[in-house]
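K.L.:
Turn this into a structure:
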Amino acid sequence: MRFYPMFFNVAFSWMDPERAHHLGFLGIKLCRKVGVSRVLRRFTAARPGDALEAMGITFPSRFGLAAGFDKGATGVAALADLGFGHVEIGTVTGQAQPGNPKPRLFRLVVDRAVINRMGFNNDGAATVAARVQQARAEIEKGWSGTVRPVVGVNIGKTKVVELEDAEGDYRISTRALAPHADYMVVNVSSPNTPGLRELQAVESLRPILTAVREESTAVTGRHVPLLVKIAPDLAEPDIHAVGDLALELGLDGIVATNTTIAREGLGLNTPSSEVEACGAGGLSGAPLRIRSLEVIRLLREHVGPELTIIGVGGVTTARDAQEVLAAGADLVQGYTAFLYEGPFWAARMVKGLRASH
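P.N.:
Purely as a prediction, here's the structure:
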């Protein structure tokens, strides 16, 4: 019997979810500060045979942490110590913002799910960029001589910026963050910033992606791999349209998928009244798994082998991750299960994927 689920029930299940997140993350960072996670790394680190090439980057393993857990890049190296092959930080916006009013994070424990309406709370691109730079330096030093964990940066639109001014806002974030990112992700699919999902429409998305690509090349003098993150709620023609645009613009990949605004199936386990009490927000976790797989399959069938697909949504076990890869993804991310499975989850996932090959 694994210890962490019992610990979660005793220590965190009764606590406000956002407070529990901060305390749990603080513990992870403290382990690195006192040297514990460096010792643990000999058990959690990927093996040479786990490495793969994607987007011109060597990843130590296929499994990474999705954006949303470390919004401000305050614990990237500590998370890498736990066995994540890549850590995607953010979402980061051009300007600092507090996010939506609390409470804004809700657990659906029976469904192994979370509903959030965080609203891109973060310290802004300039502040976060300095932390990413420091994290990269720590990782490059700590993994010298081996394949180091990869650092991705996820950027979104500042809430107070009008949709017609989104391009300039994404440029601000890119200018600050691209020099320190291994890859960049444009997030136009969170349901928690008013109007943001409208930017998934091809006519709105094209100038934003073009601007981020131009800006990242200008400030770095190199090719920074660029992906776009899409919602699971897109209709099939819209999924195809985003795939076509990614190919047209020479993007490196697509992250599929973000959280969903749908609530299908939740009433079977969590009482409908409890789901309704959570209110609006994006649903993540196990209920998203089937739809995420569908979107990944649709994308891969449509775009062929040209693009890297990062599959995320409802991944809890190594078998789930293997299904994501079988659907057409090259890399896999998780987040919600990390909250329920504990600090050794990433290492178990990487070990499980190794055993399945």
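K.L.:
Torsion angles phi and psi at the closest residue to residue 234 other than its chain neighbours?
P.N.:
The shortest distance from residue 234 to any non-neighbouring residue, by Cβ to Cβ, 6 or more residues apart in numbering, is to residue 200 (6.6 Å). The C-beta positions use only the backbone N, C-alpha and C, and glycine is treated the same way. Phi and psi for residue 200, reported as degrees, to the nearest 10, are phi -70, psi -20.
K.L.:
How many residues are close by residue 200?
P.N.:
Per other Cβ atoms under 10 Å, the neighbour tally for residue 200 reads 22.
K.L.:
Then residue 202?
P.N.:
Using other Cβ under 10 Å, residue 202 has 13 other residues around it.
K.L.:
can you check the one 5 residues further on too?
P.N.:
Using other Cβ under 10 Å, residue 207 has 13 neighbouring residues.
K.L.:
quick one, what contacts it?
P.N.:
Residue 207 sits next to residue 167 when contact means Cβ atoms under 8 Å, 6 or more residues apart in numbering.
K.L.:
what separates it from residue 25, distance-wise?
P.N.:
Relative to residue 25, residue 207 is positioned 36 Å away (Cβ to Cβ, to the nearest Å).
K.L.:
can you give me the strands in the chain?
P.N.:
Using DSSP state E, the strands of the chain run over 52-54, 57-59, 63-65, 86-92, 105-108, 113-116, 150-155, 183-187, 226-230, 253-256, 282-285, 308-312, 331-334.
K.L.:
And the residue with the shortest distance to the centre of the chain, how far from residue 240?
P.N.:
In the chain, the residue lying closest to the centroid (Cα atoms, centre = their mean) is residue 66, at 2.2 Å. Per Cβ to Cβ, residue 66 is found 24 Å from residue 240.
K.L.:
Ok, residue 69 next?
P.N.:
Separation of residue 69 from residue 240 (Cβ to Cβ): 30 Å.
K.L.:
In CSV, list the C-alpha atoms belonging to the helix or strand of the chain with the lowest mean pLDDT.
P.N.:
Ranked by mean pLDDT, DSSP states H and E, the helix or strand of the chain with the weakest confidence is helix 3-11, at a mean of 74. Extracted C-alpha coordinates of helix 3-11, given in CSV (Å, rounded to 0.1, in the frame of the first residue of the first chain):
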residue,chain,number,x,y,z
PHE,A,3,1.9,5.9,1.8
TYR,A,4,1.0,9.2,0.0
PRO,A,5,-2.8,8.6,-0.5
MET,A,6,-3.2,8.1,3.2
PHE,A,7,-1.1,11.1,3.9
PHE,A,8,-3.2,13.2,1.5
ASN,A,9,-6.4,12.2,3.3
VAL,A,10,-5.0,13.1,6.7
ALA,A,11,-3.0,16.2,5.8
